[in-house]
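K.L.:
Quick check, what structure comes out for this input:
(4 chains)
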Protein chains: 2
Amino acid sequence: MYISTRGRYAVRALLDIALSDNGTPVSLRAISERQNLPISYLEQIFNRLKRVGMVQSVRGVNGGYHLGRIPDEITVGSIIKTMEGPIRLSKCDEPPSKRPACIGLDDCVARIMWKTLEGKIDVLLEGISIGQLVKDSKEMEKRKAVNKYEESIS
Amino acid sequence: MYISTRGRYAVRALLDIALSDNGTPVSLRAISERQNLPISYLEQIFNRLKRVGMVQSVRGVNGGYHLGRIPDEITVGSIIKTMEGPIRLSKCDEPPSKRPACIGLDDCVARIMWKTLEGKIDVLLEGISIGQLVKDSKEMEKRKAVNKYEESIS
DNA sequence: AACATTCTTGACACATAGTGTCGAGTATAT
DNA sequence: ATATACTCGACACTATGTGTCAAGAATGTT
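P.N.:
Here you go, the predicted model:
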């Protein structure tokens, strides 16, 4: 019931790009340093992000990545689903190893409940975008600046 | 981002008890057969369910389990949290193995977002009870009976 | 009293998935 | 040329999940 590091690092990396892209592409090295994430792991992550068009790459010196869409259209839900596959709470249809597949799936009240919950969680995750996180970040920066000012005059 | 089998089996097992307890305790053997779940795994699961008072046990011949509270007060959220611990999407504070702990946690926009989502998911899960699933089950049984009848006269 | 049933508890084994690392390769700017 | 950076696939390690097992304790039945 937790989001993998792949998913969470991807969110942070994309937010990093959104915040620091001033025209020249953002390199994994730069993201790695700012976010303190292993660069080799980021490579793997960006491989997937690129394949679904969530980022665009520029190769060679001074290369790096741009966002592939505007921040408001990159939702946390889409990032997680890119990194982890569809939102699923139950795996009734593909049982773990030795267990036989569950029978009467369509009639299973519990399974219907999980499916319903999956849908609601999906809505939650799709409701947050990188664009929103960018706004939150800037808001937080502003507040921190004000706090510092207030400390300095007190 | 999925519920463990422990959690899901626990939900099914508790629902099974709610549906089939007619006064005499429900044995793991009976649950195991009806739900097609390994009895030895159920033992482990019920160990936890008992410790938090979600079920009451009766030992010896004709022993088994009763629900420890009324079905409406046993929420899916409480079951999952009993089996898996608190709802958490991120593990920023306890990083995996070699990684250093993330710094500036309180200022991290991403982390705040995960925490907010955790709260909303918690509300979703707490909003469903075994009592509700019992109603759903009976409703479904009724519909199935009607369908059979309609087939028989067509 | 002997026995079968059933819960109780802890330890253990196996499989899967997550979390990264690594190396060889390709594209590009200087 | 050379250094920078993305590209791609394979691999290794670890943690967690998913169960199994055995020995024990309580209780009803004969």
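
K.L.:
now chain A, which segments are flagged as low pLDDT?
P.N.:
A:96-98 (pLDDT under 70).

K.L.:
Show me what whichever helix in it runs longest is packed up against.
P.N.:
Criterion DSSP state H: the longest helix present in chain A is helix A:130-153. Other helices and strands packing on helix A:130-153, by 3 or more C-beta pairs under 8 Å, 6 or more residues apart in numbering or on different chains; DSSP states H and E, are helix A:5-20, helix B:109-126. In this view, the C-beta of every residue, glycine as well, is placed from N, C-alpha and C.

K.L.:
Now look at the shortest one and say if it contacts DNA strand D.
P.N.:
No: under the criterion of C-beta under 7 Å from any atom of the strand, DNA strand D is not reached by helix A:5-20; the shortest gap measures 9.9 Å.

K.L.:
So which bits of that helix are buried?
P.N.:
For helix A:5-20, a neighbour-count test (16 or more other C-beta atoms under 10 Å in any protein chain shown) marks A:5-19 as buried.

K.L.:
chain center to that helix, what's the gap?
P.N.:
6 Å (C-alpha atoms, centre = their mean, to the nearest Å).

K.L.:
Tell me which helix or strand comes right after that helix.
P.N.:
Per DSSP states H and E, the first helix or strand lying C-terminal to helix A:5-20 is helix A:28-35.

K.L.:
Next, the angle helix A:5-20 makes with that next one.
P.N.:
Interaxial angle, helix A:28-35 versus helix A:5-20 (axes from the mean of the first three to the mean of the last three C-alpha atoms, to 10 degrees): 100 degrees.

K.L.:
Flag every buried residue along helix A:28-35.
P.N.:
Using 16+ other C-beta under 10 Å as the test for burial, helix A:28-35 gives A:28, A:30-32.

K.L.:
Distance to residue A:42 added to these, as JSON lines?
P.N.:
Formatted as JSON lines, those follow (distance: C-beta to C-beta, whole Å):
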{"residue": "A:28", "distance to residue A:42": "5"}
{"residue": "A:30", "distance to residue A:42": "10"}
{"residue": "A:31", "distance to residue A:42": "6"}
{"residue": "A:32", "distance to residue A:42": "6"}
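
K.L.:
Report the contact partners of residue A:126.
P.N.:
Contacts for residue A:126 (C-beta atoms under 8 Å, 6 or more residues apart in numbering or on different chains) come out as A:75-78.
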